[in-house]
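Q: how would this look folded up:
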Amino acid sequence: MEDLLRNDYTAHYGLSLCIEPNLVIQTNEPYFEIEDTATREIALHTTNGSGMARFSNPNALVITIANYDKFVTSLPNHFQNGRKRCDIIVCDDGRNLIFGEIKDSPNIKQHRKKAKKQLYESLTTLLAVPQFLALTNNKTVQRCCYFNKQTISPANITATTAFNRLSAIFQDGFQMSHPAIEGHNFEFWEYLGGHTLTLT
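A: Predicted structure coming up:
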């Protein structure tokens, strides 16, 4: 994934080679969470509740997490200004390819709408790169995911734990309709609160 972004992506779009450091981290932890920090870095946590996006990795796959937001932001202004981009791309040595937009905000409805645009434009931009298109052809689980650490509860009710029961019942998130994303053979999923994406 790192070579694809640094070399193939930039070459496809006629950009200079990307030399931005720390674009990718790897793990084979059985459980991990990803945090999008205030400095646009991504942090990996193995403690429950420390990150914004939760992942279960029961088969100890080698997971590569690319900081796509940081990568695009490092590119020349004429290319990256105004270009919507998701936060992360998660790819493993198995069958999973995940685009992720991650938040920790109570304003889920507003962020969901924005996340859909960021995910779709990121997907469209990357699928134009032949090497990335070849990568997607080797993956059978292709998802664009909106992760939000917080859950929805009505404004006048403070019993958040009552609404967290939905996360307990449907721990693997919700698949939702998004025809444009589905047109690229990806699925759109939403993960709120305790929802965990299982990589199999």
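Q: which ones are touching the closest residue to Thr200 other than its chain neighbours?
A: Closest residue to Thr200 apart from its sequence neighbours, by C-beta to C-beta, 6 or more residues apart in numbering: Asn59 at 6.5 Å. The C-beta positions use only the backbone N, C-alpha and C, and glycine is treated the same way. For Asn59, the set of contacting residues under the criterion of C-beta atoms under 8 Å, 6 or more residues apart in numbering consists of 94, 199-200.
Q: Using TSV, lay out the residues you listed together with pLDDT, neighbour count and secondary structure.
A: Compiled in TSV, the contacts of Asn59 are given as follows (pLDDT from 0 to 100; neighbours: other C-beta atoms under 10 Å; DSSP: H, G, I helix; E, B strand; the rest coil):
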residue	pLDDT	neighbour count	secondary structure
Gly94	89	17	coil
Leu199	95	20	coil
Thr200	90	12	coil
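Q: quick one, strands of the chain?
A: Counting by DSSP state E, one finds strands in the chain at the ranges 24-27, 31-36, 42-45, 53-56, 63-67, 88-92, 96-103, 141-148, 174-176, 187-192, 197-198.
Q: May I see the ones you listed arranged in CSV, with mean neighbour count, mean pLDDT and distance to Arg112 as well?
A: Putting those into CSV (neighbours: other C-beta atoms under 10 Å; pLDDT from 0 to 100; distance: least, C-beta to C-beta, whole Å) gives the following:
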stretch, mean neighbour count, mean pLDDT, distance to Arg112
strand 24-27, 16, 97, 26
strand 31-36, 20, 96, 16
strand 42-45, 18, 96, 21
strand 53-56, 24, 96, 14
strand 63-67, 21, 98, 22
strand 88-92, 23, 97, 17
strand 96-103, 25, 97, 9
strand 141-148, 23, 96, 6
strand 174-176, 12, 93, 9
strand 187-192, 20, 96, 7
strand 197-198, 19, 96, 16
